Each structure stands twice: as structure tokens, then as C-alpha cells.
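Visitor: For reference, the sequence and a predicted model appear below.
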Amino acid sequence: MKHAAILACLAALPHAALAQDGNSPPPDFFVGQYRMIGVDASGPVDTPLRLDLAPQGLAVSTCAAADAGLLVLPGPTSEDRYIDGTIEGRILTCDHFLTWENYALLACYGDDDRNTRLTLWPADFPGAPLSCAD
């Protein structure tokens, strides 16, 4: 019984960031610095990027381009939780998850028969400006 109570408490923790609608966190929850890693048709991908609020969703900036794409969040009344958009010309569909530190993590696949698999991991200091020193 004691173990069940502990598990019930831990299971509730990742949901702390969910918005009132239960589908997705508020847009500003995704703002920050990420490392996009994975593979696409051209091979391995390892790109630092930053997501910032834009009128249409989340503006993507990378070290190579200040305007590297746009991710569109689902509407507040939408039952769809997926985030769609483009990053560096790749058309992506992403699902959001939470790290143990309660930061956003995005798992994405491309429209190219799902050969593109990319994960946006939160950077060590997500709130910092984009770091292109690496």
C-alpha cells in the first residue's frame, strides 16, 4: 500500500505543467534553448536552436539562420496535441513530453515516410540566449 501511494504521487508530477484543458502546456512553456538531435535523410543531425513566441506559434532560430522555421501549437480547444511546422526546411510533426526537471522535450518525425526522427532536448540552461559556441 505504501508503494502504491508513492507511485501515485510520482505519476502526478509530470502533469504539473499541463494547462487547464489537459492537452498541452501554455505556449511560453516551450520558449527556450534546445539541442535538436537525431537523423534525417542526409544523416545525423545535431543543431542548437531556440524557440521563441511568435504570433502564429513558436519561431525557430538556429546559429545558421535567425528565421529557421515556425512550429504551430494546437489551439486551446483543439483535441489534437501535436505541434506541426518546419525547422530548417524539414516539415515536422512533434509531440511534447516533460523531462524530470519539468522542461519541454519535443519528439518529432518528418513527412518523408517517417525517416526523419528528431528530438529537441532542452539545453543545460534553457532560458539563456542561443549559444553558438559549440
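Guide: Looks like it came in fine.
Visitor: for this structure, what spans make up the strands?
Guide: Here the chain has its strands, by DSSP state E, at 32-40, 43-54, 57-62, 69-72, 83-87, 90-98, 104-110, 117-122.
Visitor: Hmm, Leu130 and Cys63 touching each other?
Guide: Yes: the criterion here is C-beta atoms under 8 Å, and Cys63 meets it with Leu130 at 6.8 Å. Every C-beta, even on glycine, is put in place using the N, C-alpha and C of the backbone.
Visitor: which residues are in contact with both of these two?
Guide: Listed as contacting both Cys63 and Leu130 by C-beta atoms under 8 Å, 6 or more residues apart in numbering are Pro48.
Visitor: tell me the contacts of Tyr103?
Guide: With contact taken as C-beta under 8 Å, 6+ apart, Tyr103 is in contact with Gly32, Pro122, Pro126.
Visitor: For the second one, which residues are in contact?
Guide: Neighbouring residues of Pro122 by C-beta under 8 Å, 6+ apart: Gly32, Gln33, Tyr34, Thr99, Glu101, Tyr103, Ala104, Leu105.
Visitor: Any idea which helix or strand in the chain has the lowest mean pLDDT?
Guide: helix 2-12 (a mean of 44; mean pLDDT, DSSP states H and E).
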